[in-house]
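# What shape does this take:
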Amino acid sequence: MKKEIRLNAFAMNCVAHQSPGLWTHPRDRTAGYNRLPYWIDLARTLERGRFDGLFLADVLGVYDVFGGSPDAALRNAAQTPANDPLLVIPAMAAVTENLGFGVTSNLSYEPPYTFARRMSTLDHLTEGRIGWNVVTGYLDSAAKAAGKDRQTAHDDRYDVADEYMEVVYKLWEGSWDNDAAVRDRARGVFADPSKVHRVLHQGKNYRLDAIHLSEPSPQRTPVLYQAGTSPRGRQFAAEHAECVFMSGPSAKIIAPRVAGIRELAAKTGRDGREILMFSMFTVVLGRTEAEARAKYEDYRSHVSAEGALTLMSGWTGVDFSTYDLDQQVRHVENDAGRSAMDNVTRADPDRVWTVREVAQHVGIGGIGPVVVGTPEQVADAIEAWFDQTDVDGLNVPFAVSPGDFEDIADMLVPELTRRGRYKPAYQKGTLREKLFGAGRARLEAPHPAVRYRPRAAE
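Just a heads-up that it's a prediction; the model follows:
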């Protein structure tokens, strides 16, 4: 039986996101990112298309690697300015009933105690539709903004993240028993103190002596996403993630990453098939092939090459302003993100990328495939991608928003549904239940979070 195709919309609380320059397109509305009507309309569109979720990217710091300054990022709105993604979620949740929200939040610069409360609050307000994309950052500019000289070394960031997860698991899973909030009006007792437990933690990076400030939310721990595909990132994902997001321009790159994480998960005692894999995949749709091609060429005329290289410089830590456009991109290893550089150097030994080709590719949708065609052609390509990579879903960026998501809802979703590859209706329940099945609102063994529950909370 063919697996169901899952779709997340991929966006960010900024202008253009993964398609620098496209904010100038007359159909694009992302310049209104700082007003609620944009987000409310987008949420309604995604729910109409039965998207599984809106995956919100985020980055702390500015893209100042290109040219050694933030000027190019500012000129091109290359994920600058960028507002807090968590704050738009309640408004979108209020106008939807089923849409999930996977939000990126960097654990490197916020104490786990306050962050745990913010996520519990969102889980309450969305009635259990929240997920957290766990990231550790990749920009030195973020570290400097937080008072450090530079960011912590790449692999060391994941060591810190392991302990961070232990602390938030203790807060979310172990501090309150399920029935601690009794809400007994007759006795005037809201919470039973004997069922609320103090969390004590003293580790290498964090110390805590506190109770969790929030009563148990529908999921307790949000659905856990992770997006690192470096060796250390894959190890972290194999232990903690329920969903993994990865990007790469071809199935040849994505397939071994999917297999590798599933294999690592099995070594930790988890079922690798239980981890849902989402890859980035951009689509440009038309009622006819000619219409789709014309739309794509129109989009390309708005791409900012400088903006694309500004993003790529930030992702890789390499200043592409110092490269000739026809120069070959060679591998460099540093403390920035590893995946983007691997994608255009050593992940596919049969492909050699020039700087010009990188700029053209990144210009629409980032480092992922772009498929252009009719609903039938795009559905064929998606089915082939699933067969070749073994992914479970797609994170779909946009060239223009919300227009591209409207096209998916109105053209692609009916075609995928007709083929029996897309859900005809939302499942009931929390985000975790929608993804993994009824009755699974909370994490289950052997996930490491389970070990921090007191017996009384089980």
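# Residue 258 against residue 389, yeah?
Yes. Residue 258 lies in contact with residue 389 (Cβ atoms under 8 Å); the separation is 5.8 Å. C-beta coordinates here come from the backbone N, C-alpha and C atoms, glycine included.
# which residues are common contacts for those two?
Residues touching both residue 258 and residue 389 (Cβ atoms under 8 Å, 6 or more residues apart in numbering): 277, 279.
# if I read this right, residue 285 contacts residue 373, doesn't it?
Yes. In this structure, residue 285 is within contact of residue 373 by Cβ under 8 Å, at 7.3 Å.
# between the two, which one's more packed in?
residue 285 (23 against 20; other Cβ atoms under 10 Å).
# so what sits against both of residue 285 and residue 373?
Joint contacts of residue 285 and residue 373 (Cβ under 8 Å, 6+ apart) are residue 292.
# Now for residue 116: which residues touch it?
167, 168, 171, 172, 212, 214.
# Select from those every entry located in helices.
Among the contacts of residue 116, the ones falling in helices (DSSP state H) are 167, 168.
# Is it possible to get a markdown table of the contacts of residue 116 that adds neighbour count and distance to residue 356?
Output for the contacts of residue 116, formatted as a markdown table (neighbours: other Cβ atoms under 10 Å; distance: Cβ to Cβ, whole Å):
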| residue | neighbour count | distance to residue 356 |
| --- | --- | --- |
| 167 | 23 | 46 |
| 168 | 25 | 44 |
| 171 | 27 | 49 |
| 172 | 28 | 47 |
| 212 | 23 | 52 |
| 214 | 19 | 50 |
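# Looking at the contacts of residue 116, spot the one nearest residue 4.
residue 172 (28.5 Å; Cβ to Cβ).
# Got the confidence number for the closest one?
Predicted confidence (pLDDT) for residue 172: 98.
# Residue 400 now?
98.
# cool, the one 4 residues further on as well?
pLDDT, the model's per-residue confidence, is 98 for residue 404.
# which phi and psi does the nearest residue to it once chain neighbours are set aside have?
Spatial nearest neighbour of residue 404, chain neighbours left out: residue 398 (4.2 Å); criterion: Cβ to Cβ, 6 or more residues apart in numbering. For residue 398, the backbone dihedrals are phi -130, psi 160 (criterion: degrees, to the nearest 10).
# shouldn't residue 398 be in contact with residue 405?
Yes. Under the criterion of Cβ under 8 Å, residue 398 makes contact with residue 405 at 6.3 Å.
# Settle it for me: which of those two has more neighbours?
Legend: neighbour count by other Cβ under 10 Å for residue 398 and residue 405, higher for residue 398 (27 against 23).
# Let me see the contact set for that one.
Applying Cβ under 8 Å, 6+ apart, we find residue 398 in contact with 9, 10, 11, 17, 18, 19, 282, 365, 404, 405.
# For the second one, give me its contacts.
Translated: residue 10. 17, 18, 55, 57, 280, 395, 396, 397, 398.
# how about the first one, what does it touch?
So the one you mean is residue 17. Contacts of residue 17 (Cβ under 8 Å, 6+ apart): 10, 11, 30, 57, 79, 397, 398, 401.
# Could you give the backbone dihedrals for the fourth one?
Pointing back at residue 57 there. Dihedral pair for residue 57: phi -70, psi 170, per degrees, to the nearest 10.
# neighbours around it, how many?
Neighbours of residue 57 under the rule other Cβ under 10 Å: 24.
# my guess is it meets residue 104, correct?
Yes. At 5.2 Å, residue 57 and residue 104 qualify as touching, with contact defined as Cβ under 8 Å.
# Now do the shared contacts for the two.
Listed contacts common to residue 57 and residue 104 are 85, 133; contacts here mean Cβ under 8 Å, 6+ apart.
# Where does residue 382 sit: helix, strand or coil?
Under DSSP: H, G, I helix; E, B strand; the rest coil, residue 382 falls in the helix class.
# give the contact list for it.
Counting by Cβ under 8 Å, 6+ apart, residue 382 touches 5, 281, 283, 371, 394, 416.
# between the residues you listed, which has the most around it?
residue 283 (27 neighbours).
# Is that one in a helix, a strand, or coil?
Residue 283 - assigned by three-state DSSP - is strand.
# now do residue 239
Look at residue 239: counting by three-state DSSP, its state is helix.
# Next one: the spatially closest residue to it that is not a sequence neighbour relative to residue 406, how far apart?
Residue nearest to residue 239 in three dimensions, not counting chain neighbours: residue 268, with 5.3 Å by Cβ to Cβ, 6+ apart. Note on residue 268: its distance to residue 406, by Cβ to Cβ, to the nearest Å, is 41 Å.
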